[in-house]
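Peer 1: any chance you could fold what I've pasted below:
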Amino acid sequence: MKMEALKEEEIQEKLRYLPNWKVENNTLVRMQTFPNYLDALEFVYKVGHAAETADHHPDIFMNYKRVTVKYWTHRANGITELDFKMAGIVEKLVTENYHERDAKN
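Peer 2: Next comes the predicted model:
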């Protein structure tokens, strides 16, 4: 896996497949609101578990029912393919675990 920072064109191309993600301050960012505090906390735990398994850890911010996940690779000083891989895992966690509940909100 390419561990150097992606070029802006590469980032924009990859973002086409992750419409819930955006780039802020050279960081890949996704915010998700959950139906309640415990669902948000459960999501944070699942993201943390996936991060530990991959040995690539995001910044995670939780504010009641809202969770923000931010990825970038320190060694590359930018966004890498690994960051996009992890963003895909986070997206899958949302879809598999919370999509139905989100639709009700």
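Peer 1: quick one: residue 51 from residue 57, how far?
Peer 2: 4 Å (Cβ to Cβ, to the nearest Å). In short, each C-beta sits where N, CA and C put it, glycine included.
Peer 1: more neighbours: the two, which one.
Peer 2: Between residue 51 and residue 57, residue 51 has the larger neighbour count (other Cβ atoms under 10 Å), namely 18 against 13.
Peer 1: who's in contact with the longest helix seen in the chain?
Peer 2: Longest helix in the chain by number of residues (criterion: DSSP state H): helix 81-104. Here helix 81-104 makes contact (Cβ atoms under 8 Å, 6 or more residues apart in numbering) with 1-3, 6, 14, 18, 20-21, 28, 30, 32-35, 39, 42-43, 46-47, 50-51, 54, 56, 58, 69, 71-73.
Peer 1: buried ones in it?
Peer 2: Under the neighbour-count criterion of 16 or more other Cβ atoms under 10 Å, helix 81-104 has 81, 82, 83, 84, 86, 87, 89, 90, 91, 93, 94, 98 buried.
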